[in-house]
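Q: Give me coordinates for this.
(2 chains)
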Amino acid sequence: MPIAPKPHSALLIVGHGSTGNPDSSAPCFEHADAIRRRGLFAEVHCCFWKEEPSMREAFYMIDSAEVYVVPDFISEGYFTQDVIPRELQLTGPTTIIRGKTFHYCLPVGSHPSMTRLILRRAREVAPDADPAQTTLIITGHGTNLNPNSAQAIRDQVSRIAASGAGYAAVLDAYMEEPPFIAGWDLMAPTTQVIVVPFFIADGLHSYQDIPVLLGIEKETGAAASQRDIFRHNPHHLRDKLLYYSSAIGTERLLADVILDQVADFDRMHKSALT
Amino acid sequence: MPIASELRNLLRSGVHRMGELEFQTNVSNHFCIVTHWQDAGRVNVPGFGGLARHDGPSAARDLACRTEDGQYRFNKGQTNLQRGWMMVLENEEDLRQALDLFYPAGVGVFLAHRNDTLEVENLRDKLQRQSGMYRLAGKISDAGAQQLVRKICGPDHACARRILWQIDAHTPLDDSAASRFSGIPAPLAENEAIPLLCREACNFFVEECRKAAQEEMQDQTS
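A: Numbering: from 1, shown residues only, chains lettered A, B, ... in the order given. The predicted structure follows:
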């Protein structure tokens, strides 16, 4: 959905960040740059839980009186429902804090347009793979502590299965809850398998942990930014042909999803006020 | 007044330094050239003394992200900014964007502090809001936290920030080189630099609190 320019508003993209790996926040900055270049907002900023600026420092970077906050997170959960509202002192969809009006949008990962990005990434990583002969696995962290973590992926699986994309099978799999991604070869009914990690960045999990679980790597490798060559597809493993993509959050079109969440906020909340 | 306009006024008033960055105005009609302060003299040498030139603010994140030997600088207040580059900026908005990547929110925090509108966050408040394994950090004793400030903060320990926070509302930091540091690099006068301000303990300090709290608990049980 195209977004109307907001020359008097700021966009604040909130990421997790990392004290150990700059790859975690890199997509946030790239999406911010892409949106800034379009000139839609008066200002575009990033802030983080584990990097600078913190969410509380971000308040002081912003000139505009109206601020759209979009979490660059893959699902609704502890961070989007507890940490971000607490840190930014948000009490609802719209909160006025010291003269500024903050609109709290949903996280990028929960937007229906993520489906389009997953399919695009799958086609990019395996351009010659016939979907009818291919299993598409969307993988995430998964945790028994937060059912929303897996639900966002299950939602995507349902949407892709219903989309007419034509994959022989579309499955979900996780690092820390069943069905486990380590058993990808047993769950896939076809020889060709595409695995798309439903993560926000090529950080520890998607670039270092999951390749070990898939069998691509024998042990955890270095961070993405410290390696010269991205892994070569396809991988001949366990009598299958495996294609493994980079994290969905690194897709440049995620900037559009951020804007989609702003547009959806206006549609859901602002139209109710007019 | 917008932050970028405030920044322009600061430059006009004679400010030329922030942390390890040096600002040079009116060089070859550019609005501002930013370098590491130790490279400032090379700007006027033919071929810019071999400095790698970046036009616009977009390279600032990469330059601020790693030290010269490739280590990740997640704490941007560290005094280990890489050298060998110059950034050519044509307006105050580009300078503002660059500074927000080198020293995130640093200008805005300084302006709020100057206007007496900055909300400083004391250490106990920060530690109480930690999640996961970092919750343990809140168990550190006041004495342990005071010792950590002396051990890891301030210019003696490669941090360029002036600490504004206390342990809690009733417990100021003990007097030390770290707690006394003004955020203005010596020997500059106050009106020559934008001080780097520490309004809340950084995540490195939180991590060290967690380790120290763990050691304190182990000492109590042994």
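
Q: quick one, strands of the stretch 151-274 of chain A?
A: A:169-174, A:192-197, A:235-237, A:240-244 (DSSP state E, counting those that start in this stretch).

Q: hmm, the helix ranked longest in chain B in reach of chain A?
A: Ranked by residue count under DSSP state H, the longest helix found in chain B is helix B:203-221. Yes - counting by Cβ under 8 Å from any Cβ of the partner chain, chain A is contacted by helix B:203-221 at B:203-204, B:207. To be clear about C-beta, it is placed using only N, CA and C from the backbone, and glycine gets the same treatment.

Q: and of the strands of the stretch 151-274 of chain A, who's closest to B:L164?
A: strand A:192-197 (40.4 Å; Cβ to Cβ).

Q: Strand partners (parallel or antiparallel) of that closest one?
A: In the sheet, strand A:192-197 lines up against strand A:134-140 (parallel), strand A:240-244 (parallel) (DSSP bridges).

Q: any idea how chain A splits into domains?
A: Here the domain parsing of chain A from automatic domain parsing is A:6-109+A:252-273, A:112-250.

Q: Mean pLDDT and mean neighbour count for the ones you listed - can I get that in CSV?
A: Formatted as CSV, the domains of chain A follow (pLDDT from 0 to 100; neighbours: other Cβ atoms under 10 Å in any protein chain shown):
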stretch, mean pLDDT, mean neighbour count
domain A:6-109+A:252-273, 93, 19
domain A:112-250, 86, 18
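
Q: just so I know, which of those lies nearest B:C153?
A: Shortest distance between B:C153 and these, using Cβ to Cβ, is found for domain A:6-109+A:252-273: 15.4 Å.

Q: if you look at the closest one, does any of it touch chain B?
A: Yes - on the criterion Cβ under 8 Å from any Cβ, domain A:6-109+A:252-273 is in touch with chain B at A:17-22, A:29, A:33, A:45, A:47, A:50-54, A:56-58, A:60-63, A:78, A:83, A:86-87, A:98.

Q: for chain B, what spans make up the helices?
A: Ranges of helices in chain B, per DSSP H, are B:3-12, B:60-65, B:92-102, B:106-114, B:123-128, B:142-152, B:177-180, B:203-221.

Q: Can I get the ones you listed in JSON lines including mean pLDDT?
A: Listed next are the helices of chain B as JSON lines, based on pLDDT from 0 to 100:
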{"stretch": "helix B:3-12", "mean pLDDT": "97"}
{"stretch": "helix B:60-65", "mean pLDDT": "96"}
{"stretch": "helix B:92-102", "mean pLDDT": "97"}
{"stretch": "helix B:106-114", "mean pLDDT": "98"}
{"stretch": "helix B:123-128", "mean pLDDT": "96"}
{"stretch": "helix B:142-152", "mean pLDDT": "97"}
{"stretch": "helix B:177-180", "mean pLDDT": "95"}
{"stretch": "helix B:203-221", "mean pLDDT": "92"}
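
Q: Save those helices as CSV, and put in mean neighbour count too.
A: What follows is the helices of chain B, written out as CSV (neighbours: other Cβ atoms under 10 Å in any protein chain shown):
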stretch, mean neighbour count
helix B:3-12, 18
helix B:60-65, 20
helix B:92-102, 22
helix B:106-114, 22
helix B:123-128, 19
helix B:142-152, 17
helix B:177-180, 16
helix B:203-221, 16
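
Q: Only the C-alpha atoms, please, for the lengthiest helix in chain A, written as CSV.
A: Criterion DSSP H: the longest helix present in chain A is helix A:147-161. Once non-C-alpha atoms are left out, helix A:147-161 reads as follows in CSV (Å, rounded to 0.1, in the frame of the first residue of the first chain):
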residue,chain,number,x,y,z
PRO,A,147,3.9,-19.0,21.5
ASN,A,148,3.9,-15.9,19.3
SER,A,149,7.4,-16.7,18.2
ALA,A,150,6.3,-19.7,16.2
GLN,A,151,2.8,-18.4,15.4
ALA,A,152,4.2,-15.7,13.0
ILE,A,153,5.9,-18.5,11.0
ARG,A,154,2.8,-20.7,11.0
ASP,A,155,0.8,-17.8,9.7
GLN,A,156,3.2,-17.4,6.8
VAL,A,157,3.1,-21.1,6.0
SER,A,158,-0.7,-20.9,5.8
ARG,A,159,-0.6,-17.9,3.6
ILE,A,160,2.0,-19.4,1.2
ALA,A,161,0.2,-22.7,1.0
